[in-house]
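**Q** no FASTA, just this:
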């Protein structure tokens, strides 16, 4: 094994955010003219700014010819890191402006019908906390919650697990069983039974293999996400309507079956379905006392619901 020793560098390059924004525009467009139009400047100063950035870093970020612009290996690495850095910078600015407002508030991102029926109880528990602030509930679409927290549009989010937790901390607040949602005319549906089942009703169980679904939680979530995207599903009523029409078969948390009985849908217990977990997520290294109070309120509410 070869070990190389070197002294700590004495000079550090400081990259300005504007230079990073210029670089990201060129890195994504791979065309200086289009990148300049996107930034609202002309191409010559953009080119000079990129040359200056390369000089400051001591690396070549783009291979340029008269016909093409291609990222170098160094450019590819910087593009990925620059996107993260700029996103974090923008998010910090949004949260700082919200905190400095004359009427500070806390923004909680929630997908409608994906709160396990706990949202009102969580908000009520939070209101009793000493650090509580007025809460704005930001309603969002499937899979948007984590991104809204990362980019600073929300301070926290209620998110079904699993999800991409990059840049986030989270706590599971409740765990419940899942049931299959089937059209009443589906071969696996027992048409003689009501469309509403209690979560602990184990009669007539079916299995994941019966449904043709993967039992692994991550693979299952990927499958369900693809299903939702393929059918352009926007909300739970649309999802259940597609189930009624036998366009798809899906799994839902047992609390959805409890709260949304439908005449055209049968909910059946699935013996080997991975549990549905709901988490509250917030930015890593957050120092907000209001956010910490909301997390406490959510976890305590979830514990009471699970008891």
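**A** Perfect, thanks for sending it. Values in this document were obtained by computation on a predicted structure and should not be read as measured data. Residues are numbered from 1 along each chain as shown.

**Q** domain parsing for the protein?
**A** Annotated domains of the chain cover 17-96, 101-175+277-306, 178-274 [automatic domain parsing].

**Q** Let's test this: mean pLDDT of the first one, rounded?
**A** Which is domain 17-96. In this model, domain 17-96 has a mean pLDDT of 91.

**Q** The chain should start at 24 in everything you say after this.
**A** Happy to do that; since the first residue is 24 now, the last one works out to domain 40-119.

**Q** Which residue would you name as the spatial centre of the chain?
**A** The chain has residue 169 as the residue nearest its centroid, 2.7 Å off, counting by Cα atoms, centre = their mean.

**Q** Tell me how far that one lies from residue 204.
**A** 25 Å (Cβ to Cβ, to the nearest Å). In this view, the C-beta of every residue, glycine as well, is placed from N, C-alpha and C.

**Q** A helix includes residue 195, no?
**A** No: assignment of residue 195 by DSSP: H, G, I helix; E, B strand; the rest coil gives strand, placing it outside any helix.

**Q** in terms of contact, does it touch residue 304 like I think?
**A** No: Residue 195 is beyond contact range of residue 304, at 10.3 Å (criterion: Cβ atoms under 8 Å).

**Q** Specify which residue of these two has the higher count of neighbours.
**A** Just comparing residue 195 and residue 304: by other Cβ atoms under 10 Å the higher neighbour count belongs to residue 304, 25 against 13.

**Q** what's the longest helix seen in the chain packed up against?
**A** Criterion DSSP state H: the longest helix present in the chain is helix 96-122. Where contact means 3 or more Cβ pairs under 8 Å, 6 or more residues apart in numbering; DSSP states H and E, helix 96-122 is packed against helix 40-52.

**Q** Which SSE is immediately downstream of the helix it packs on?
**A** Proceeding N to C from helix 40-52, the next assigned helix or strand is helix 55-62, under DSSP states H and E.

**Q** Can you list the buried residues in that next one?
**A** 55, 58-59, 62 (16 or more other Cβ atoms under 10 Å).

**Q** And the helices in the stretch 74-223 of the chain?
**A** Using DSSP state H, counting those that start in this stretch, the helices of the stretch 74-223 of the chain run over residues 96-122, 142-150, 168-173.

**Q** got the angle for the longest one vs helix 40-52?
**A** When axes from the mean of the first three to the mean of the last three Cα atoms, to 10 degrees is applied, the directions of helix 96-122 and helix 40-52 differ by 120 degrees.

**Q** Could you check how far residue 319 is from residue 181?
**A** For residue 319, the distance to residue 181 - Cβ to Cβ - is 14 Å.

**Q** Looking at the two, which has the bigger crowd around it?
**A** Taking other Cβ under 10 Å, residue 319 and residue 181 do not tie; residue 181 has more neighbours (23 against 16).

**Q** Next, the contact list for the more buried one, please.
**A** By Cβ atoms under 8 Å, 6 or more residues apart in numbering, the contact list for residue 181 reads 131-134, 137-138, 141-142, 145, 168, 196, 301-303, 321.

**Q** Which of these fall within strands?
**A** Among the contacts of residue 181, the members found in strands (DSSP state E) are 131-133, 196, 301-303.

**Q** Identify the farthest-apart pair in these.
**A** Comparing all pairs in the ones in strands among the contacts of residue 181 by Cβ to Cβ, the longest separation belongs to 132 and 196, at 14.6 Å.

**Q** low pLDDT regions in this structure?
**A** Scanning the chain for pLDDT under 70 picks out 24-37, 213-227.

**Q** Contact partners for residue 188?
**A** The contact partners of residue 188, by Cβ under 8 Å, 6+ apart, come to 169, 304.

**Q** For residue 311, which non-adjacent residue is spatially closest?
**A** Sequence neighbours aside, residue 178 is the residue nearest to residue 311 in space, at 6.6 Å (criterion: Cβ to Cβ, 6 or more residues apart in numbering).

**Q** Strands of the stretch 174-323 of the chain, start to end?
**A** 179-184, 191-199, 201-206, 273-276, 288-292, 299-306 (DSSP state E, counting those that start in this stretch).

**Q** Give me the buried positions along the second one.
**A** Using 16+ other Cβ under 10 Å as the test for burial, strand 191-199 gives 191-193, 196-197, 199.

**Q** out of the residues you listed, which one sits closest to residue 289?
**A** Of all these, residue 199 has the smallest distance to residue 289: 18.7 Å, by Cβ to Cβ.
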